[in-house]
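Enquirer: Here is a sequence together with a model predicted from it:
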Amino acid sequence: MSLKITNNSLLTKHMLIVDSGGVKFYENSAFGTKRFRFGQIECVLMSQDHKLSFQVGCEVFSIPTNPSDPKHKNVIDVLLHEVRRTAEKTWF
């Protein structure tokens, strides 16, 4: 099962897919498609204008979200849960 957030404008298409293997991020204007395991994600942030960002290495990937959309909230909740779960395994 995969969960998806999409956000499209005239110039940019964003897509974030969360599944059991990790995260797939797509942005047509700059990065293309990238795939990450949850353990690679170092930080997850939400800005005041509801832009979800996550950091992998030196790169930061961002997607606008809609806080009133239950699908967006579900994707964010699952992403945070899996990143925390994976991080707990690496700490002793």
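Expert: Arrived safely.
Enquirer: State the distance from the residue sitting nearest the centre point of the chain to residue 74.
Expert: Most central in the chain under Cα atoms, centre = their mean is residue 16, positioned 5.4 Å from the mean C-alpha point. Separation of residue 16 from residue 74 (Cβ to Cβ, to the nearest Å): 12 Å. For the C-beta atoms, the positions are set from N, CA and C on the backbone; glycine is no exception.
Enquirer: same deal with residue 2?
Expert: Distance of residue 2 to residue 74, computed by Cβ to Cβ: 12 Å.
Enquirer: For whichever strand or helix holds the residue nearest to the centre of the chain, what is the distance to the chain centroid?
Expert: According to DSSP states H and E, residue 16 maps onto strand 13-19. For strand 13-19, the separation from the chain centroid amounts to 7 Å (computed by Cα atoms, centre = their mean, to the nearest Å).
Enquirer: one step back: and the closest residue to the residue nearest to the centre of the chain other than its chain neighbours, helix, strand or coil?
Expert: Spatial nearest neighbour of residue 16, chain neighbours left out: residue 5 (4.6 Å); criterion: Cβ to Cβ, 6 or more residues apart in numbering. Per DSSP: H, G, I helix; E, B strand; the rest coil, the local secondary structure of residue 5 is strand.
Enquirer: Helices of this protein, residue ranges please.
Expert: For the chain, the helices defined by DSSP state H cover 70-90.
Enquirer: coming back round to it: what sits against the residue nearest to residue 16?
Expert: Listed by Cβ atoms under 8 Å, 6 or more residues apart in numbering, the contact partners of residue 5 are 14, 15, 16, 52, 63, 65, 71, 72, 75, 76.
Enquirer: how many other residues sit next to the closest residue to residue 85 other than its chain neighbours?
Expert: Nearest residue to residue 85 in three dimensions, chain neighbours excluded: residue 38, at 7.4 Å (Cβ to Cβ, 6+ apart). By the measure other Cβ atoms under 10 Å, the count of residues near residue 38 is 19.
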